[in-house]
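> Kindly generate the corresponding structure for this input.
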Amino acid sequence: MFILSRPLLNIGAKLEQTLPAQPCLLCGALSRHGLWCAACDAGLPYLVAAHCPVCALPVPDGRVCGRCLKQPPHFGRTVAVFAYAFPLDKLMQAFKFNEQLLLADSFADKLAQRISERPDCVVPMPLHPARLRERGFNQSLELARRVARQLELPLLPHACERIRDTPAQSALKWRERSKNVRKAFVCTQDVAGKHVAMVDDVMTSGASLNELAAALRRAGAREVSAWVVARTLPHIRAQTESRES
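Got it, this is the predicted structure:
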């Protein structure tokens with residue numbers, strides 16, 4: 001194994017050296033590692049601590065947290081790559097609001113590497129048509145398209161629709177978010193008996209993903225998982241709530 005792997009590693013290193021260097025999006029140094037350099041990648045807030053397998057919030061032993069036991073969401077597990085913290089949050093904002101669409105592939109590749117259980121299909125978090133016209137693209141669809149391709153899974157880009165043009169969740173206090181997205185989604189495609197993976201950029205309160213999962217369940221989905229690039233953690237939530245109060 002070692003004899004075989006060493007030449008492959010050497011070939012990989014040589015190929016990386018021949019790739020054109022580009023400025024790292026975070027520090028500006030020339031990088032052949034991708035959109036950000038290896039040093040900045042090592043400094044990103046990867047979600048590595050023990051966390052609840054259902055909602056991805058930190059728990060000491062990695063078991064299902066009390067909140068998910070008391071009030072289980074409509075999805076059964078969450079896969080998240082990063083904590084939504086600096087500097088990942090700046091990259092995400094550039095992706096969503098400054099049309100840095102090249103970041104979609106980098107984020108999606110990181111997400112695909114975390115997937116250990118294959119679902120039957122992938123569904124992106126839908127945008128309301130009015131929001132889609134305003135933004136010009138659906139960031140969740142961009143992520144889902146790449147993830148589905150990387151994992152060779154069927155992508156159902158139009159399986160779900162957002163039928164209510166609700167205010168942005170980020171503009172609301174946490175306790176108002178579940179009410180804001182209630183019955184906001186409908187599933188128009190047959191997913192009966194399927195394990196469906198929902199793809200979104202960031203899970204904050206989880207209200208939108210929970211409501212989308214409810215719509216998929218009503219359409220017959222056997223199981224629903226949430227795949228997100230980043231998860232907002234409690235200390236960030238507390239900072240957000242203090243600014244809103």
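
> what about Ile163, distance to Lys70?
Here the criterion is C-beta to C-beta, to the nearest Å. By it, Ile163 lies 30 Å from Lys70. The C-beta positions use only the backbone N, C-alpha and C, and glycine is treated the same way.

> In terms of packing, which of those two has more residues around it?
Ile163 (15 against 7; other C-beta atoms under 10 Å).

> Give me the distance between the residue lying closest to that one once chain neighbours are set aside and Phe137.
Leaving aside its sequence neighbours, Ile163 sits nearest to Val186 (C-beta to C-beta, 6 or more residues apart in numbering; 5.4 Å). Val186 is 22 Å from Phe137, where distance means C-beta to C-beta.

> same question, Gly220
Counting by C-beta to C-beta - Gly220 and Phe137 are separated by 29 Å.

> what do you get for Val123?
Here Val123 is placed at a distance of 17 Å from Phe137 (C-beta to C-beta).

> between the two, who's got more neighbours?
Using other C-beta under 10 Å as the criterion, Val123 and Phe137 rank with Val123 on top: 32 against 13.

> quick one: secondary structure of that one?
strand (DSSP: H, G, I helix; E, B strand; the rest coil).

> beta partners for it?
Met198 (DSSP bridges).

> Isn't it up against Pro154?
No - between Val123 and Pro154 there is no contact under C-beta atoms under 8 Å: 9.8 Å.

> Name the helix or strand for Ala108, please.
Using DSSP states H and E, Ala108 maps to helix 102-114.

> Tell me the buried residues in that helix?
103-108, 110-112 (16 or more other C-beta atoms under 10 Å).

> Give me the residues contacting that helix.
Residues from elsewhere that reach helix 102-114 (C-beta atoms under 8 Å, 6 or more residues apart in numbering): 25, 34-36, 79-82, 91-92, 94-95, 139, 142-147, 150-151, 199, 201, 227-229.

> again, only using 7 Å
34-35, 79, 81, 91, 94-95, 142-143, 146-147, 150-151, 227, 229 (C-beta atoms under 7 Å, 6 or more residues apart in numbering).

> For Pro45, state which of those residues is nearest.
For those, the closest approach to Pro45 (C-beta to C-beta) belongs to Val81, at 9.6 Å.

> For that closest one, identify the helix or strand it belongs to.
Per DSSP H and E: strand 77-83 holds Val81.

> tell me the angle whichever helix or strand comes after that strand makes with strand 77-83.
Per DSSP H and E, strand 77-83 leads on to helix 88-97 as the next helix or strand towards the C-terminus. For helix 88-97 against strand 77-83, the angle by axes from the mean of the first three to the mean of the last three C-alpha atoms, to 10 degrees is 110 degrees.

> Helix 88-97 - contacts with which helices or strands?
Helix 88-97 sits against helix 102-114, strand 195-203, strand 223-231, with contacts defined as 3 or more C-beta pairs under 7 Å, 6 or more residues apart in numbering; DSSP states H and E.

> Out of the ones you listed, flag the one nearest Tyr46.
Short answer: helix 102-114, nearest of the helices and strands packed on helix 88-97 by C-beta to C-beta, at 8.7 Å.

> what pLDDT does the nearest residue to Phe137 once chain neighbours are set aside get?
Sequence neighbours aside, Leu101 is the residue nearest to Phe137 in space, at 6.9 Å (criterion: C-beta to C-beta, 6+ apart). Predicted confidence (pLDDT) for Leu101: 90.
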